[in-house]
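**Q** Fold the following for me, if possible:
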Amino acid sequence: MLAYSNEKLEKYDSSPEDHPKYAEEWKKFWQIRYAEVKDSGMNPDEFDYLQEWIPFWSQRSRELVEAETELRRGELLKKYRLESDRMPVRSDFAKKSSEAPMDTVSNTWQQLTTQPIKLPDPNSAPQPQG
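**A** Model prediction:
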């Protein structure tokens, strides 16, 4: 995701007009500044808006890319059913039961049938089936 963000920032720094929201953001900026310049008593038609627009757009484009990145991150977390994008560490996982697997099976069997599992005597000869 970081590479994606950096790639987008480089692209829009070198050619800002390529950003899909450039025209919309310029229009908002211009309308607000036009009204402010007019209210201050200056001539808004002769005001140089670019001196303020360039640093404003640089900051705004970063905010837009960060918002898009955060949105994509959230979508990916949801898609893969993750709670966080943090790398897991051993302590994040529950400690396994110290009970032996056969004990677990035996206990489950006893709970279901109310009888203990009868295992063949390992010293006796196998019984023919049939």
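**Q** Can you name every helix or strand that the lengthiest helix in the chain contacts?
**A** When the chain is parsed with DSSP state H, its longest helix is helix 50-79. Contacts defined by 3 or more Cβ pairs under 8 Å, 6 or more residues apart in numbering; DSSP states H and E place helix 50-79 against helix 2-14, helix 22-39. In short, each C-beta sits where N, CA and C put it, glycine included.
**Q** So for residue 83, which of the ones you listed sits nearest?
**A** Residue 83 lies closest, by Cβ to Cβ, to one member of the helices and strands packed on helix 50-79: helix 2-14, at 19.8 Å.
**Q** Rounded mean pLDDT for the closest one, please.
**A** For helix 2-14, mean pLDDT rounds to 90.
**Q** Could you do stretch 108-121 as well?
**A** Here the average pLDDT along stretch 108-121 is 73.
**Q** Could you number the chain from 333 rather than 1 from now on?
**A** OK, 333 is where the count begins now, so the last one is stretch 440-453.
**Q** From one end of that stretch to the other, what's the distance?
**A** From its first residue to its last, stretch 440-453 covers 21 Å (Cα to Cα, to the nearest Å).
**Q** Over to stretch 366-377?
**A** End-to-end distance of stretch 366-377: 8 Å, with Cα to Cα as the criterion.
**Q** Let me see the residues that make contact with it.
**A** The contact list for stretch 366-377 (Cβ atoms under 8 Å, 6 or more residues apart in numbering) reads residue 379.
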